[in-house]
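Enquirer: got a predicted model here, sequence first, then my questions.
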Amino acid sequence: MLRVRGLDAWYGKSQVLRGVDLEIAAGEIVALLGRNGAGRSTTLKAIMGAITRAGSIMFDGEEISALAPHEVAWRGLGYVPEDRAIFPGLSVEENLVLGEKADRHGEKRFRLADAYALFPRLAERAKAPADALSGGEQQMLTICRTLLGNPRLLMVDEPTEGLAPMMVERIQKLLARVAELGVTILLVEQKLTIALKLARRLYVMGHGSVVFEGTPAAFASNAKIRQEWLEV
Amino acid sequence: MEGLLLVLLNGLVYGLLLFMLSSGLTLIVGMMGVLNFAHASFYMLGAYFAYTISVGLGFWPALIIAPLLVGGLGALVERYGLRAVHRHGKLAELLFTVGLAFVIGEIVPLIWGRPAVPYRVPAVLDFPAFALGGINYQAYRLFMMGVSVAIFAGLYAALARTRLGLVIRAALTHPEMVGMLGHNVPRVFTLVFGAGCALAGLAGVIGGNVFTTSPGMAEALGAIVFAVVIMGGLGSIPGALLASLAIGFIQTASVTLDTPLGVLLGRLGMAVDPHGALAEITIARAAPAVPYLLLVLVLVVHPRGLMGARAD
């Protein structure tokens, strides 16, 4: 579904990604691991077209590396940023409505009612200002907002960061549920347990490049990779 | 009492005109992060276009055509000027708009000459609507008020109730995220820039014949509009309204006060030399400085402006 080859990316003049290669098949959940600053978030932003990048990004056989972010979104890529980017002056429902978009066949499979069914709390707070929600509720809001765009590939950046254990579990269940609906997921996650539980394949990044690719089992048996690129 | 009412009415007209300029500018600043130095130049273009059109076709066609022309010009400037400069950063964008203000400021006298042009209030509205304490109140000023209020009701409804309005409000804080949700943000930028310029143009059309239409008009109002936008808080429309009305009222009121500054300061408990310079300068003479004094005062108390959300 997604094939990234030799992806370079820059913040201003400093190069952050150096030749990143990634591949995700339809229906997979793939985790992207690494320490802070390894380039995981940057990889997602570069795929979305939000920063300066070079290299090849093929999505369903189409080269998308020269497209603007909104064009990338219309091809079927959804992105949930780490900082959540909630629109503060807007209500919960207005935030959700802004994400509404049909898929490339003009269909809306995931609708506002689905989001509310999944998280009744969002329906209860529909008219409240979005910035009045708790951190966990905001995370649900931002994931639902992106899901309303009916993406085929969902890229989620650190969805459980800073959340209470109960909330972490709910987010984890949500992602599993999203995958069941047929949405492919690329997950950037700091918590190894979650990444290993959800993902069938994982990549480890270090210094702006991919340093490991394999199954959770292969990863578990590779102590060197863990020590060198993950453990602090 | 009647004098006070007159000051209030004039302050309201002036404040609403300021708001017509500042509402567009604050949207542009809040959304695109560009402090558009040429904004008041579009106000000037509105007045000159309206003058030329009204000579040929009359005031009413000018009221419609001139703002549309200015808005179209603004959209072209954004699409082919600002967008090209954008990737070189904020400073380049700022310098671009400063340059644009100079260019417009030089082209206008080239076409229309240095002296003020005789752009007049339309005859149908040039009659006293009522008299206050022996002073006639011109019907055209009521018309100005009506146009301003109608525009703001429309603007408010568009921002509050349409999907495009929703996109614009969201893009005020997170333009990148709005784009990644599938909205064509560059196109929205062009639209907002064009609409902001059209509003400035409209302010020129309805204000240029009450004040004067001359090459210096952009400079004269530009600085005040900046003060309004910064005082109201970058990107905040309610803030811009509050600041516009406040500056409108206070400046209009201070023009009419011939109390010496020294007396005012004396009443505030400061020791002032009764024969010094401050005793001779009247509040009316200090009136042009009032908006900026107010700005400094607001920023000292509340650095983000009255209702600002954006800190950078």
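Expert: Alright, I've got the coordinates. Source: prediction; values computed, not measured.
Enquirer: quick one: the strands in chain A?
Expert: Secondary structure of chain A (DSSP state E): strands located at A:2-11, A:14-24, A:29-34, A:52-59, A:62-63, A:77-80, A:153-157, A:184-188, A:201-206, A:209-214.
Enquirer: same list, the ones you listed, but as TSV with mean pLDDT, distance to B:Ser236 and mean neighbour count please.
Expert: Placement of C-beta: from N, CA and C, glycine included. Shown next, in TSV, are those (pLDDT from 0 to 100; distance: least, Cβ to Cβ, whole Å; neighbours: other Cβ atoms under 10 Å in any protein chain shown):
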stretch	mean pLDDT	distance to B:Ser236	mean neighbour count
strand A:2-11	93	29	18
strand A:14-24	93	34	17
strand A:29-34	92	38	24
strand A:52-59	94	31	18
strand A:62-63	94	41	10
strand A:77-80	96	28	28
strand A:153-157	95	30	24
strand A:184-188	94	34	24
strand A:201-206	92	40	22
strand A:209-214	91	44	17
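Enquirer: quick one: A:Pro120 from A:Val92, how far?
Expert: As for A:Pro120, its distance to A:Val92 is 12 Å (criterion: Cβ to Cβ, to the nearest Å).
Enquirer: circling back: want to throw the strands of chain A into CSV with distance to chain B?
Expert: What follows is the strands of chain A, written out as CSV (distance: least, Cβ to the nearest Cβ, whole Å):
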stretch, distance to chain B
strand A:2-11, 12
strand A:14-24, 15
strand A:29-34, 18
strand A:52-59, 9
strand A:62-63, 16
strand A:77-80, 5
strand A:153-157, 10
strand A:184-188, 14
strand A:201-206, 21
strand A:209-214, 23
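Enquirer: turn the ones you listed into CSV, including distance to B:Pro118.
Expert: As requested, those are arranged in CSV below (distance: least, Cβ to Cβ, whole Å):
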stretch, distance to B:Pro118
strand A:2-11, 56
strand A:14-24, 59
strand A:29-34, 69
strand A:52-59, 53
strand A:62-63, 61
strand A:77-80, 58
strand A:153-157, 62
strand A:184-188, 66
strand A:201-206, 70
strand A:209-214, 70
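Enquirer: of those, which is nearest B:Leu242?
Expert: strand A:77-80 (36.2 Å; Cβ to Cβ).
Enquirer: nearest to B:Gly179, of the strands of chain A?
Expert: Closest to B:Gly179 of the strands of chain A, according to Cβ to Cβ: strand A:77-80, at 10.2 Å.
Enquirer: packing partners for that closest one?
Expert: Counting contacts by 3 or more Cβ pairs under 8 Å, 6 or more residues apart in numbering or on different chains; DSSP states H and E, strand A:77-80 packs against helix A:40-48, helix A:135-147, strand A:153-157.
Enquirer: one step back: who's more crowded, A:Pro120 and A:Val92?
Expert: A:Val92 (28 against 9; other Cβ atoms under 10 Å in any protein chain shown).
Enquirer: ok, the more buried one - contacts?
Expert: Residues near A:Val92 by Cβ atoms under 8 Å, 6 or more residues apart in numbering or on different chains: A:122, A:125-130, A:133, A:141.
Enquirer: list only buried entries from those residues.
Expert: Neighbour counting with 16 or more other Cβ atoms under 10 Å in any protein chain shown marks A:122, A:125, A:129-130, A:133, A:141 as buried within the contacts of A:Val92.
Enquirer: my guess is B:Arg304 meets B:Gly232, correct?
Expert: No - B:Arg304 is beyond contact range of B:Gly232, at 10.2 Å (criterion: Cβ atoms under 8 Å).
Enquirer: check contacts around B:Ile283.
Expert: Taking Cβ under 8 Å, 6+ apart, one finds B:254, B:257-261, B:264 in contact with B:Ile283.
Enquirer: with adjacent residues omitted, what lies nearest to it?
Expert: B:Leu257 (4.1 Å; Cβ to Cβ, 6 or more residues apart in numbering or on different chains).
Enquirer: need the residues of chain A near chain B, please.
Expert: A:48, A:50, A:68-70, A:72-74, A:79, A:81, A:85, A:87-90, A:94-95, A:97-99, A:101, A:145-146, A:149 (Cβ under 8 Å from any Cβ of the partner chain).
Enquirer: so what's A:Ile51 closest to, chain neighbours aside?
Expert: Per Cβ to Cβ, 6+ apart, closest to A:Ile51 is A:Lys45, 5.1 Å.
Enquirer: JSON lines for the contacts of B:Ile283, including pLDDT and secondary structure?
Expert: Supplementary listing: those in JSON lines, determined by pLDDT from 0 to 100; DSSP: H, G, I helix; E, B strand; the rest coil:
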{"residue": "B:Ser254", "pLDDT": "82", "secondary structure": "helix"}
{"residue": "B:Leu257", "pLDDT": "75", "secondary structure": "coil"}
{"residue": "B:Asp258", "pLDDT": "72", "secondary structure": "coil"}
{"residue": "B:Thr259", "pLDDT": "74", "secondary structure": "coil"}
{"residue": "B:Pro260", "pLDDT": "75", "secondary structure": "strand"}
{"residue": "B:Leu261", "pLDDT": "73", "secondary structure": "helix"}
{"residue": "B:Leu264", "pLDDT": "74", "secondary structure": "helix"}
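Enquirer: from those, which is closest to chain A?
Expert: Nearest to chain A among the contacts of B:Ile283 is B:Ser254, at 34.0 Å by Cβ to the nearest Cβ.
Enquirer: wait, what's in contact with the residue nearest to the closest one when sequence neighbours are not counted?
Expert: For B:Ser254, ignoring the flanking residues on the chain, the nearest one in space by Cβ to Cβ, 6+ apart is B:Ala287 at 4.3 Å. When contacts are counted by Cβ under 8 Å, 6+ apart, B:Ala287 touches B:251, B:254-255.
Enquirer: CSV for these, including neighbour count?
Expert: As requested, the contacts of B:Ala287 are exported to CSV (neighbours: other Cβ atoms under 10 Å in any protein chain shown):
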residue, neighbour count
B:Gln251, 21
B:Ser254, 20
B:Val255, 19
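Enquirer: can I get the contacts of A:Val92 in a markdown table including pLDDT?
Expert: Formatted as a markdown table, the contacts of A:Val92 follow (pLDDT from 0 to 100):
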| residue | pLDDT |
| --- | --- |
| A:Leu122 | 92 |
| A:Arg125 | 93 |
| A:Ala126 | 92 |
| A:Lys127 | 94 |
| A:Ala128 | 94 |
| A:Pro129 | 93 |
| A:Ala130 | 93 |
| A:Leu133 | 91 |
| A:Leu141 | 94 |
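Enquirer: now, of the residues of chain A next to chain B, which are buried?
Expert: A:48, A:50, A:68-70, A:72-74, A:79, A:81, A:85, A:87, A:90, A:94-95, A:97-99, A:101, A:145-146, A:149.
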